[in-house]
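test case, fold it:
(chains A and B)
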Number of protein chains: 2
Amino acid sequence: MTDLALTEVVWRQPSWIAAEVDLDAPYGGDEAKMGVAIDLARRNVAHGGGPFGAAVFDAATGRIVALGANWVVSQKSSLLHAEIAAIAFAELRVGSHSLSGGNYELFASSEPCAQCLGATAWSGVRRLVCGAPAQDAEAIGFDEGPRRTDWAAQLEARGIAVTLGLLAAEARQVLRTYAARGGPIYNAFTPIG
Amino acid sequence: MTDLALTEVVWRQPSWIAAEVDLDAPYGGDEAKMGVAIDLARRNVAHGGGPFGAAVFDAATGRIVALGANWVVSQKSSLLHAEIAAIAFAELRVGSHSLSGGNYELFASSEPCAQCLGATAWSGVRRLVCGAPAQDAEAIGFDEGPRRTDWAAQLEARGIAVTLGLLAAEARQVLRTYAARGGPIYNAFTPIG
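Okay, here's the model as predicted:
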């Protein structure tokens, strides 16, 4: 069956990231780091992507380890949420299936959906910091999926510190702008494009 | 920062799959399809991978659309659980971010962890069939993560039929064999290799 010769899944970091994001700067403090994730979400919308951004930082240096945004539609993968992309590229850079060899923090412009919550638990990051609450993503039509109500405590119990609602108003504005522009609100059974 | 030139994440289907699995046959009935997923888990262990296998079938034809196994350690990605791999390769083959354009079924040798449960919800598959229950994976040291106790009902509510415990004894045996051989039980904060 020749189609099964499709034996490589490739995810690409779009070239605009290197052109538009300062990848070399150290980012000091949580708000600056969250600013990177939210800015990425905003720029991703401008480039036709989904309104979610995420960044993995090395807590020791404040430098970006990897970035991700929602590339579900553009790269044709339901898996490619912002946190998944950031984790995938961070593990590529670190060269390991776990980020637990360092002190890495995941900043996400919105709370994780069910999938990204689980992925965060297995990634080896030491900390998750979220911007907009789930209700903001749901308010424009995205489904967060089957999450436990105590999901943050569940991550904490697995050694991952969780901070919620950082720069939430700014993060929410990206979601609202996306919805106002008529950006696609895809779900599993409402495929687009 | 030159390391950020690592701009492609690549997941590869190991070459032994095409050599060892009959990719062209139609598989009739749930037990035959689950047999493919469990056989894949068994063979993956023999090739040094994790004890989990998954397969996406076209329900209309009984043919394999894509296969996946746990390649977390070998491909250095915490994301690369069997279900994630199967979904990624199925979407590659279908050429869409959603499998909802057809009638696709995901067979997995074990119940999904928190991450794969969420990924299943977004994949567009119409049905999830699982082999070994979560307790069997937990019994050998794997963590299923923060799952809702009503996770199956949550998938059903999103249009995904769920069947549990198919060929559970056979699937469990793969897990036990893996543990007995001393296969690595990695978790986020106990990296190996």
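
ranges for the strands of chain A?
A:8-12, A:53-58, A:63-69, A:104-110, A:127-132, A:161-163 (DSSP state E).

and the lengthiest helix in chain A, what does it pack onto?
The residue-count maximum for a helix in chain A (DSSP state H) belongs to helix A:30-46. In terms of contacts (3 or more Cβ pairs under 8 Å, 6 or more residues apart in numbering or on different chains; DSSP states H and E), helix A:30-46 is packed against helix A:15-20, strand A:53-58, strand A:63-69, helix A:82-94, strand A:104-110, strand A:127-132, helix A:168-180. Where you see a C-beta, it was placed from the backbone N, CA and C, and this is true even at glycine.

buried sites along it?
Neighbour-count burial for helix A:30-46 flags A:30, A:33-45 (criterion: 16 or more other Cβ atoms under 10 Å in any protein chain shown).

what about chain A, any weak spots by pLDDT?
Counting by pLDDT under 70, chain A shows low-confidence ranges at A:1-5, A:188-193.

80 instead?
Scanning chain A for pLDDT under 80 picks out the ranges A:1-5, A:186-193.

which residue packs closest to A:Thr177, ignoring adjacent ones?
Distances taken as Cβ to Cβ, 6 or more residues apart in numbering or on different chains put A:Val45 closest to A:Thr177, at 6.7 Å, once the chain neighbours are dropped.

what's the one you found in contact with, if anything?
Residues counted as contacts of A:Val45 (Cβ atoms under 8 Å, 6 or more residues apart in numbering or on different chains) are A:Pro51, A:Val174, A:Thr177, A:Tyr178, A:Arg181, A:Gly183.

reformat the strands of chain A as CSV; add mean neighbour count and distance to chain B.
As requested, the strands of chain A are exported to CSV (neighbours: other Cβ atoms under 10 Å in any protein chain shown; distance: least, Cβ to the nearest Cβ, whole Å):
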stretch, mean neighbour count, distance to chain B
strand A:8-12, 16, 4
strand A:53-58, 28, 11
strand A:63-69, 25, 7
strand A:104-110, 29, 11
strand A:127-132, 26, 12
strand A:161-163, 15, 12
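
and stretch A:100-114, how far from the chain's centre?
Computed by Cα atoms, centre = their mean, to the nearest Å, the separation of stretch A:100-114 from the middle of its chain amounts to 8 Å.

ugh, typo on my part, it should be stretch A:89-105
Here stretch A:89-105 is found 15 Å from its chain centre; the criterion is Cα atoms, centre = their mean.

contact partners of it?
For stretch A:89-105, the external contacting residues (Cβ under 8 Å, 6+ apart) are A:11, A:13, A:33, A:56-60, A:65-68, A:87, A:123-129, B:3-4, B:6-7, B:9, B:72-73, B:75-80, B:186, B:188-191, B:193.

ok, now stretch A:35-43?
Counting by Cβ under 8 Å, 6+ apart, A:16-17, A:20-21, A:27, A:51-55, A:64, A:67-70, A:82, A:107-110, A:131, A:167, A:170-171, A:174, A:177 sit against stretch A:35-43.

thought A:Ile64 was touching A:Ala32?
No: assessed by Cβ atoms under 8 Å, A:Ile64 is found out of contact with A:Ala32, at 11.1 Å.

partners of the nearest residue to A:Ala86 once chain neighbours are set aside in the sheet?
Leaving aside its chain neighbours, A:Ala86 sits nearest to A:Gly68 (3.3 Å; criterion: Cβ to Cβ, 6+ apart). Residues in a beta bridge with A:Gly68, per DSSP bridges, are A:Ala54.

list the contacts of A:Gly68.
By Cβ under 8 Å, 6+ apart, the contact list for A:Gly68 reads A:40, A:53-55, A:81-89.

any chance of CSV for these, columns distance to B:Pro146?
Below are the contacts of A:Gly68 laid out as CSV (distance: Cβ to Cβ, whole Å):
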residue, distance to B:Pro146
A:Leu40, 26
A:Gly53, 23
A:Ala54, 19
A:Ala55, 23
A:His81, 17
A:Ala82, 19
A:Glu83, 15
A:Ile84, 16
A:Ala85, 21
A:Ala86, 19
A:Ile87, 16
A:Ala88, 21
A:Phe89, 24
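
and stretch A:10-30, which residues are buried?
Going by neighbour count (16+ other Cβ under 10 Å), the buried part of stretch A:10-30 is A:Trp11, A:Gln13, A:Pro14, A:Ile17, A:Val21, A:Leu23, A:Tyr27, A:Asp30.
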